[in-house]
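Asker: Structure for the following, please:
(4 chains, ligands or ions: 4)
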Amino acid sequence: ADWFPVKVYDASSGSNVEVDYVPLEKASKPWNICVLFPHMKDSFWVAVAYGIVEEAKRQNVNMTLYEAGGYENLPRQLSQFDDCLAGGADAIIVGAISEAGLAKKFEEGIAAGKPVISTVNPVSEAKTTAKMFVEFDTMGEQTGNYLREALGSEEAKVVTFPGPAGSGWAEAFNDGFKRAIAGADNIELLDEKFGDSGVAVQLALIQDALQAYPEMNVIWGTAPTAEAAIAAVAEVGREGEIMIMSSYENQAMLDALNRGDIMGFATQYPVLEGRVAIDMAVRALEGQPLMTFVKPIPDMIAKDSVDKIDMSLVLAPADWTPVYSVQAQ
Amino acid sequence: MADVARPTEMSRLIGRATLIQAILPVALVVMVFGFSLVEPRVLSTGNLVNIAIQASYLAIFATAQMVVILTRGFDLSLGTAVSAVSVTSALVMTGMAGPAGEGLAQALILGILMGLAIGVGTGLFNGFAVAWLRVNPFVATLGSLNICLGIATMASDGRPVFNVPDAFSRLVYSGTVAGIPVPILLAGLVLLVTWFILNYTVFGRALYILGGNPRAATVAGIPSRRYLLLAYVMCSVIAALGALMLTGRTGSGEPNLGGNLTLESIAAAVIGGVSLRGGLGGVHSCILGALFITALSNGMNLMRIDGYIQMIVLGCVVILAIFLDRLRAMRS
Amino acid sequence: MNDLAQATAAARSRTAPSDAGEPLLEMRAICKAFPGVRALDSVDFDLRRGEVHVLFGENGAGKSTLINIIAGTFPPDSGSFRFEGRTITGLTPHKARVMGISPVFQEFSLVPDMTIEENLFLGREITSGGVLSSRAMMRRAREVIDELGFHLDPKKKVRELSRAHQQMTEIAKALMGNVRLLILDEPTASLTEAETGRLFSLIERLRAEKVGIIYVSHRMREIKQLADRITVLRDGRLVRALDAGGVSENELVELMTGRKIDVLFPTIAHAPGAVRLEVEDLTLANRSVVGVGFRARAGEVTGIAGLVGCGKSELVRAVYGLEDIERGTILVEGHRYDAPTPAESLRRGICYFPSDRVVEGLALGRPIRENASMAALDLATFARMRILRRANERRTIQEIVDRLRLRPPQIERVVANLSGGNRQKVMLARGLTRETRLFLFDEPTVGIDVGAKIEVYELMKQLVENGAAIVLVSSELPEVLHLSNRLYVMHRGRMVAELTGKDINEQAVLSSFFRDEATAAASEGA
Amino acid sequence: MTGRAIGVREHPESQFDRVSRLVLGVGLLPILLVAMIAFMAVVEQKFFGLNNIFNVLRSTSFLAIVAAGQMLVLIVGGFDLSVGAVIALTSTVMAKVMAMLAASMPDQTGLVITVGILAGLACGVFIGLINGLCVAFLRISPFMVTLGTLSIASGIGLLLTNGIPVYGMPDAFVKDFGRALWLGLPTTVYIAVAIIAAVWFIQQHTRLGRYIYAIGGNLQAAIVSGVPATGYLVLTYVMCSVLASIAGILMTARLGSGQATMGGNLMMLQSIAAAVIAGVSLRGGIGRVEMVALGALFLSILTNAMNLLRVDSKMQVVVLGIILVAAVALDEWGKRRQLRG
Ligand SMILES: Nc1ncnc2c1ncn2[C@@H]1O[C@H](COP(=O)(O)OP(=O)(O)OP(=O)(O)O)[C@@H](O)[C@H]1O
Ligand SMILES: Nc1ncnc2c1ncn2[C@@H]1O[C@H](COP(=O)(O)OP(=O)(O)OP(=O)(O)O)[C@@H](O)[C@H]1O
Ligand SMILES: [Mg+2]
Ligand SMILES: [Mg+2]
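Answerer: Ligands and ions are numbered 1, 2, ... in the order given. Model (predicted):
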């Protein structure tokens, strides 16, 4: 079954116009497309990779994927960008570690006549051929709004665990969430605990928070936060009374949701973002009509909504293992 | 005389020694050609320049590390110091320079000074802790690692600093002089100065003696503490220069810029032949090490090797390279 | 107590060693090369049971190397090696000790941060069921130490011992196991007469027990006193193996150096002049020196003698600025010199030569040139405006190195590859790099061969006669006796005697040493 | 020497000396610990909440186990940067093995768990062997070897899992072991205590312990004294890695999933920090496990305290840095006063 058409926002004009996105049938020739990821250390980016790989196969183009090994490795991603150009790529797809950090490279790439497509990670000002993302704060907001609806008039005391301070995305998610709950006077934000988004670190933070804020009854944070929270909450035997929310999706979150361990998580359809990125690259290379800014329409996935959503656009199949390059037939 | 061996064997010994001396450069060249067999583009001028540019940054950081490694220390704070420098200098530049580029010159100058100031500050902290408080370098710099991290994240509130004036990037990154990219030139300059300091000044000599045998240095009346302090300051200042160059390259202040630079810089220096036991090594070692690491990952990237495989290969190659260097050390 | 007397007596009443059939140790055509150096060039060596066989040779002759091979530290490049009739191959230090070969190394084999007891048993701990039986070991350790008559506290960390005490520990360590072959590489280098005496009587006993003993020393008196046979090495080659009986000092020295040497100690024409150094009521923070006063004049050698750990090193170290002073005044050329520091001392024309080359003297990994010039980098000769003048440096150092007859005279060589004596010369070279008016020598001839010694003494002679002041701290009595114009004697951190002119003789010194030695021994033993 | 001893007694003792001798007697660390606990007791009663104490004890246990191993390597004059990676590798491998077996033989939980744990430990042994062999036989600087294995181990871990957490370990392993309480205390605590005790015994009462000290104190001396140094070096590195992977197993059991991001550089730095503030010399030859345990406790309490006191997490790192340096500086200062006698 084809994945398209999919409803997305076409933001090229500046305002969000809801449209059906339909990709090309096939690429006219096997282009060499270079893909840069911040890392592949969680199933979120694996999902994006899945989209990229599948679409590259479907459109029959060559694809090579590099991952920088983490958000702390901007210099490495810059070098990988150079290596891509040196390696004779026709187009470059980037999940930017830092927009500001890569703006220069984007210009260089475009100047060198290589289409530069940015996906997943927000790029507001930097020059790109085309880009696809939802602002992280919108997703944060999504979760916030959902919390408000779900609570109704109940009291809620929240501690957020946005992720590593200085990552940019952690702050963005957090701001969105805060904006959403700002209005509600039944929701109180107790504290924001930044910290490395490894499960171990998050676990420590949560446990201390459980002590510091006995009254806390909502834990909001990254996917690893949610995972850690499940364990921590179980340990103090407060399952059920503390709600756990994740600001983004991964395999663990889906399983947890199905087990009923967490309340829900937001999704921006990573697989879709991967697929569209490839299509954008090919369109740019072939001079086909191209939306220069596409936004997926984020959704909140919770118990009730889980079966209404096309999971093949959210996560890679559990048994799929990433491949780093695709050879055109 | 026993130790003045007969000419024949003397020359034989020398012959062997030099061959082993050359083992790492040879390995480097062999490696690159090996790659080029699989992926011809590796040897394209474009890519070679690309390697040179990438290596020039690493070489600077490796050199910074070397200065303190010579004294039997090392600087774990290098990475986060780089981040702090990047953020603060970027903040100053963006803050000073008006939208229409008025006061640009002052902005850049102040920005650069800001960065250097952070470098000096970190260096003073480390140096003071190590030389006066006698805190082990590992702990001292682990401390400043955290402090710099705090500065970087708090100053920028965790977000990258946008719109660093283009002029700055043009100054330290994009331009070329006589066809040579600026980063290479700047790196060359920094390394040249360092080389001179290490080999032709009392300070440099003192560093080698300090690393060789601290107590002997004291007995010989060398003001160890002052020079030790100076060494850490020099290290951080060189790192700050590197950080400024990186900031020019990214065109933004990055609270995460430092990342793995600390370990990478140490690795580069040691692979090149700087001894962690102190008193041994030179600028050339750093250049060699930096080239080696850069060429390796560049080659693997162009050969489309999976990221995780790359990690494993890198690990093995690091160990192998050090082993070869050990051989050299044992022979000579 | 006078072990010394006993020892010499025993030596006199010694019967020639009964030839015990085939030798205990038999080495043929041993070769060993280090990078750029032939340390041993087809050397033959054999050792009978119950004999003391002295290895004799200049610095760098290859004595320590040969010993290291016997002890299994490293294998020879070629040559055959038989011990108790069996051919030995693939020898390791462990095997060697099991076979009963126990070495006392020139550079000690002690772990600084472990206690004496732990060091004594290192590699052969007593265990019961895999668990260390500390009590048993402590008891045994005490036995051995008392047996040797050394004053060592087994619980004390080696790091806290003076070099002399460390030397004793090293000796005790060698005597822990069952000893068939004892190797002593310059064991008396930092011992004073008393311990030396004890060591000698011990050697006599072992000899009687048919233990084979290899003894390395540069001290003629000891050799004459102990040796049954002597093997002379030069430049890594065997010169001759001969019986000790009837061979004269000068012959030996001639064999060793290949040149003629008549007198060991030069006669120095002392011309006491202005007081260069005056110390009054000096007490150190660590109380190793208490209320000491002394003075050193230009144009004379001022000797300081004393038993181990009497604080004579500390005294000069304090003057140079290496120890914390509690109270007391120091006058240098009449001017008060408070809170000394090495740098300031050098500026005032004072230079100190530490007794421990490896620990305090040299950066082993650096070339000779840098080691020689390191104390003078503030001079215009070596640096202008903090910029080195390397050509000057090379020239100056080369001159000095040649003057000291350093072998090899290649100033870019790494000091680590030099023999003990040559390392010492490199350090002494420092005193000549700058204009120095007061020399503080601490054990300046530790482990230096006769040839080198003479050179050092000659150097002192020149210095003094050119009007320098020399303070000579030494545990080698003949040295201080012959060279000093005025001789101070220290005991337990205090100055107990000042001898001049004809009062400077062994009896006078020894008597002041041993005045209250008995009581001391009692209190120390406790 | 008695000369000096007597001297010391002669010279009158000031208040100041008494203080510094106290410090040197017990060591600075315990005093700091007590001070901090007392402070917390006053300003924040939550600190003594049962659960909070559990948390502190748990995180201490993990850190202490790793730090104990790190200490052994530091004593032989080495360094182990790879502990974090070993934890990650252990976690993923063990989880994968258990998951696979559990799927195939759901009823034999005991077997599944045993095999899984063995697989995890095998990772430790494997990395430890690489480290040890390279250091002992190839004479490569430990820093670089372990830097290499750090990269290798985490590479393998990620390759196996793509960073996706591995589920499907038997519930018994997680519920009845990882998160369980024995006699009211977390299982981890008992294991940590047992390990510390074992290491203490080794250090104080076995050849192995002494040889580790000797090798670190003066390698050449150890060798010429007949200590089979290379063998013991390898053994030490293996012990370190195995301890790390034990910590990895406990953490995994605790989280209920295998994580390729577990441990990481943080654990590496903290383990060394814990050892160093406990007076372990990076030059080798010195270090006692009971103090290291205290060091781990100190670090855990410090972070816990800052979280309870609601210190801004960006500020926390700064405080941590300063306290770290200050603690060691004080310690050094004390040692120097002692040397002056
Ligand atoms: N580890 C080494 N590396 C290189 N050369 C060495 C080494 N050890 C000794 N040598 C060289 O071998 C020669 C013999 O050294 P050795 O120590 O045996 O002399 P020695 O007779 O003991 O001198 P001394 O009486 O001063 O101790 C010297 O030239 C020395 O430079
Ligand atoms: N490194 C050291 N650490 C602690 N105590 C020491 C140290 N060196 C020497 N001492 C002690 O200081 C006192 C003086 O020792 P020192 O050896 O300097 O005197 P000395 O007369 O020069 O003896 P030597 O004949 O060994 O030179 C002795 O009690 C000795 O044990
Ligand atoms: Mg010798
Ligand atoms: Mg002395």
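
Asker: Now that we're looking at the closest residue to ligand 4 within the stretch 51-200 of chain A, what pLDDT does it have?
Answerer: Across the stretch 51-200 of chain A, the shortest distance to ligand 4 (CB to the ion) belongs to residue A:72, at 54.0 Å. (C-beta placed from N, C-alpha, C; glycine too.) On pLDDT, residue A:72 comes in at 79.

Asker: What about it, how many residues nearby?
Answerer: 26 (other CB atoms under 10 Å in any protein chain shown).

Asker: in the stretch 201-341 of chain D, what spans have low per-residue confidence?
Answerer: Within the stretch 201-341 of chain D, the segments meeting pLDDT under 70 span D:338-341.

Asker: any weak-confidence spans in the stretch 251-400 of chain C?
Answerer: Using pLDDT under 70, the stretch 251-400 of chain C drops low at C:259-262.

Asker: In it, what residue spans correspond to strands?
Answerer: For the stretch 251-400 of chain C, strands defined by DSSP state E, counting those that start in this stretch occupy the ranges C:275-284, C:292-297, C:301-306, C:325-332, C:335-336, C:350-353, C:383-384, C:387-388.

Asker: Between the two ends of stretch B:164-181, what distance do you get?
Answerer: End-to-end span of stretch B:164-181 (CA to CA, to the nearest Å): 20 Å.

Asker: who touches that stretch?
Answerer: Residues outside stretch B:164-181 that contact it (CB atoms under 8 Å, 6 or more residues apart in numbering or on different chains): A:100, A:104, B:49, B:52-53, B:90, B:93-94, B:97, B:101, B:104, B:107-108, B:111, B:182-183, B:185-186, B:244-245, B:247-249, B:251-253.

Asker: Which ChimeraX command selects the buried ones in those?
Answerer: Applying 16 or more other CB atoms under 10 Å in any protein chain shown to the contacts of stretch B:164-181 leaves a buried subset, and the ChimeraX line that selects it is:
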select /A:100,104 /B:49,52,53,90,93,94,97,104,107,108,111,182,183,185,186,244,245,247,248,249,251,252,253
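
Asker: Tell me the residue of the stretch 51-200 of chain D that sits nearest ligand 4?
Answerer: residue D:77 (28.4 Å).

Asker: What residues does that residue make contact with?
Answerer: Residues counted as contacts of residue D:77 (CB under 8 Å, 6+ apart) are D:142, D:215, D:216, D:219, D:283, D:284, D:285.

Asker: how about a cut-off of 6 Å?
Answerer: By CB atoms under 6 Å, 6 or more residues apart in numbering or on different chains, the residues touching residue D:77 are D:216, D:284.

Asker: try residue C:500
Answerer: With contacts defined as CB under 6 Å, 6+ apart, residue C:500 is in contact with residue C:486.

Asker: just residue B:205 next, same as before
Answerer: Residue B:205 neighbours (CB under 6 Å, 6+ apart): none.

Asker: cutoff 10 Å now
Answerer: By CB atoms under 10 Å, 6 or more residues apart in numbering or on different chains, the contact set of residue B:205 is B:198-199, B:222, B:227, C:366, C:370, C:373-374, C:377, C:382-383, C:386, C:388, C:390, C:393.

Asker: quick one on the thing from earlier: which one of the strands of the stretch 251-400 of chain C lies closest to residue C:504?
Answerer: strand C:301-306 (7.9 Å; CB to CB).

Asker: Is ligand 2 within reach of the closest one?
Answerer: Yes: for strand C:301-306, a contact with ligand 2 is found by CB under 6 Å from any ligand atom, at residue C:306.

Asker: how far does that strand sit from the chain's center?
Answerer: Computed by CA atoms, centre = their mean, to the nearest Å, the separation of strand C:301-306 from the middle of its chain amounts to 17 Å.

Asker: Ok, stretch A:128-142 next?
Answerer: Computed by CA atoms, centre = their mean, the chain-centroid distance of stretch A:128-142 equals 9 Å.

Asker: do stretch C:379-393 as well
Answerer: Distance, centroid of stretch C:379-393 to centroid of chain: 34 Å (CA atoms, centre = their mean).

Asker: In CSV, list the C-alpha atoms belonging to stretch C:451-465.
Answerer: The C-alpha coordinates for stretch C:451-465 follow below in CSV (Å, rounded to 0.1, in the frame of the first residue of the first chain):
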residue,chain,number,x,y,z
GLY,C,451,89.0,7.9,37.6
ALA,C,452,85.9,10.1,37.8
LYS,C,453,86.5,10.7,41.5
ILE,C,454,90.0,12.1,40.8
GLU,C,455,88.5,14.3,38.2
VAL,C,456,85.8,15.6,40.7
TYR,C,457,88.5,16.2,43.3
GLU,C,458,90.7,18.0,40.8
LEU,C,459,87.7,20.1,40.0
MET,C,460,87.2,21.0,43.6
LYS,C,461,90.8,21.8,43.9
GLN,C,462,90.7,24.2,41.0
LEU,C,463,87.5,25.8,42.3
VAL,C,464,88.9,26.3,45.8
GLU,C,465,92.2,27.6,44.5
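
Asker: mind checking how far the nearest residue to residue C:282 once chain neighbours are set aside is from ligand 4?
Answerer: Spatial nearest neighbour of residue C:282, chain neighbours left out: residue C:328 (3.4 Å); criterion: CB to CB, 6 or more residues apart in numbering or on different chains. Residue C:328 sits 19 Å away from ligand 4, going by CB to the ion, to the nearest Å.

Asker: Pull the contacting residues for residue C:328.
Answerer: Per CB under 10 Å, 6+ apart, neighbours of residue C:328: C:279-284, C:289-293, C:318, C:338.

Asker: which among those residues gets closest to ligand 3?
Answerer: Proximity to ligand 3 was ranked across the contacts of residue C:328 by CB to the ion; first place goes to residue C:318, at 30.6 Å.

Asker: just the helices in the stretch 151-300 of chain A please.
Answerer: A:169-182, A:199-212, A:223-235, A:251-259, A:270-286 (DSSP state H, counting those that start in this stretch).

Asker: so, in contact with chain B or not, the second one?
Answerer: No: between helix A:199-212 and chain B, judged by CB under 10 Å from any CB of the partner chain, nothing touches; the nearest distance is 14.1 Å.

Asker: Only C-alpha atoms, please: export that helix in PDB.
Answerer: Extracted in PDB, the C-alpha atoms of helix A:199-212 (Å, rounded to 0.1, in the frame of the first residue of the first chain):
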ATOM      1  CA  VAL A 199      17.700   6.900  31.000                       C
ATOM      2  CA  ALA A 200      20.100   6.600  33.900                       C
ATOM      3  CA  VAL A 201      20.500  10.400  34.400                       C
ATOM      4  CA  GLN A 202      16.800  11.000  33.900                       C
ATOM      5  CA  LEU A 203      16.000   8.300  36.500                       C
ATOM      6  CA  ALA A 204      18.200  10.000  39.100                       C
ATOM      7  CA  LEU A 205      16.500  13.400  38.400                       C
ATOM      8  CA  ILE A 206      13.100  11.900  38.700                       C
ATOM      9  CA  GLN A 207      13.800  10.100  41.900                       C
ATOM     10  CA  ASP A 208      15.100  13.300  43.500                       C
ATOM     11  CA  ALA A 209      12.100  15.200  42.100                       C
ATOM     12  CA  LEU A 210       9.800  12.600  43.700                       C
ATOM     13  CA  GLN A 211      11.300  13.400  47.000                       C
ATOM     14  CA  ALA A 212      11.600  17.200  46.500                       C
END
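
Asker: Could you give the number of residues near residue B:114?
Answerer: Neighbours of residue B:114 (other CB under 10 Å): 21.

Asker: for residue B:196, that is, sorry about that
Answerer: Using other CB under 10 Å, residue B:196 is surrounded by 13 other residues.

Asker: how close does it sit to residue D:203?
Answerer: 49 Å (CB to CB, to the nearest Å).
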